[in-house]
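A.B. asks: Got a predicted structure here, sequence first:
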Protein chains: 2
Amino acid sequence: MPIRPSQTPEDAAARWAEVRAQVGSRVRTLRTAAGLTQEALALESGLSRNQLIELEHGRRGLLFERLPDLAAVLDCEVADFFRDG
Amino acid sequence: MPIRPSQTPEDAAARWAEVRAQVGSRVRTLRTAAGLTQEALALESGLSRNQLIELEHGRRGLLFERLPDLAAVLDCEVADFFRDG
């Protein structure tokens, strides 16, 4: 049964922050598992180092069309950013 | 072997446009399969109708943190937006 995400601004903002935190944490886990520094992953994927730091800390999102670039360098699937291990 | 996405602005822009086109097409396929109009999916997921139209036509991306809202209404996984059928 499809569910309707709550539309109050506070709920939506909290939900998005939670998604950013989860994705950021998974990117960091995948990066360290691949033995890459933040500088190396940023350089290889076309992000600035600051963008990657903000992404990993869940402070800033990214347009979805840029996720495959990260996945390509991390040799994983975009889906891996949205599910645990 | 991880691959390094080409960093020329033209290649990156073309790659992102291709990702937007693929994701947009999959969202439309999932939406119609769920029997939802654009208005209904936009309303339920917290997007404006125009954002959804632009997304489905691959003309505009979306911050990744908003993808789970779409997936929840379409009763699918975010991963389904990044892989075929």
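C.D. replies: Everything's here; your move.
A.B. asks: give me the residue from chain A nearest chain B.
C.D. replies: residue A:79 (3.2 Å; C-beta to the nearest C-beta). Bear in mind the C-beta positions are built from the backbone N, C-alpha and C, glycine included.
A.B. asks: Residues contacting the longest helix along chain A, please?
C.D. replies: Taking DSSP state H as the criterion, chain A has its longest helix at helix A:9-33. With C-beta atoms under 8 Å, 6 or more residues apart in numbering or on different chains as the test, helix A:9-33 has contacts from A:5-6, A:38, A:41, A:52, A:55-61, A:70, A:74, A:76, A:80-82, A:84-85, B:46, B:63-69.
A.B. asks: Please produce a PyMOL select command covering the buried subset of these.
C.D. replies: To isolate the buried members of the contacts of helix A:9-33 in PyMOL, using 16 or more other C-beta atoms under 10 Å in any protein chain shown:
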select buried, (chain A and resi 5+38+41+52+55+56+58+60+61+70+74+76+80+81+82) or (chain B and resi 46+64+65+66+67+68+69)
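A.B. asks: next SSE after the longest helix of chain A?
C.D. replies: helix A:38-45 (DSSP states H and E).
A.B. asks: pLDDT on the longest helix of chain A, on average?
C.D. replies: Across helix A:9-33, pLDDT averages out at 95.
A.B. asks: how distant is it from the center of its chain?
C.D. replies: Relative to the centre of its chain, helix A:9-33 is centred 6 Å away, using C-alpha atoms, centre = their mean, to the nearest Å.
A.B. asks: Now that helix: buried residues?
C.D. replies: For helix A:9-33, burial by neighbour count (16+ other C-beta under 10 Å) applies to A:12, A:15-16, A:19-20, A:22-24, A:26-28, A:30-31.
A.B. asks: of all those, which two lie farthest apart?
C.D. replies: A:12 and A:31 (28.2 Å; C-beta to C-beta).
A.B. asks: and residue A:63, backbone torsions?
C.D. replies: Per-residue torsions, residue A:63: phi -60, psi 140 (degrees, to the nearest 10).
A.B. asks: my guess is it contacts residue B:60, does it?
C.D. replies: No. Counting by C-beta atoms under 8 Å, residue A:63 stays clear of residue B:60, with 9.2 Å between them.
A.B. asks: Quickly list what's touching both of these two.
C.D. replies: With the criterion set as C-beta under 8 Å, 6+ apart, the contacts of residue A:63 and residue B:60 do not overlap.
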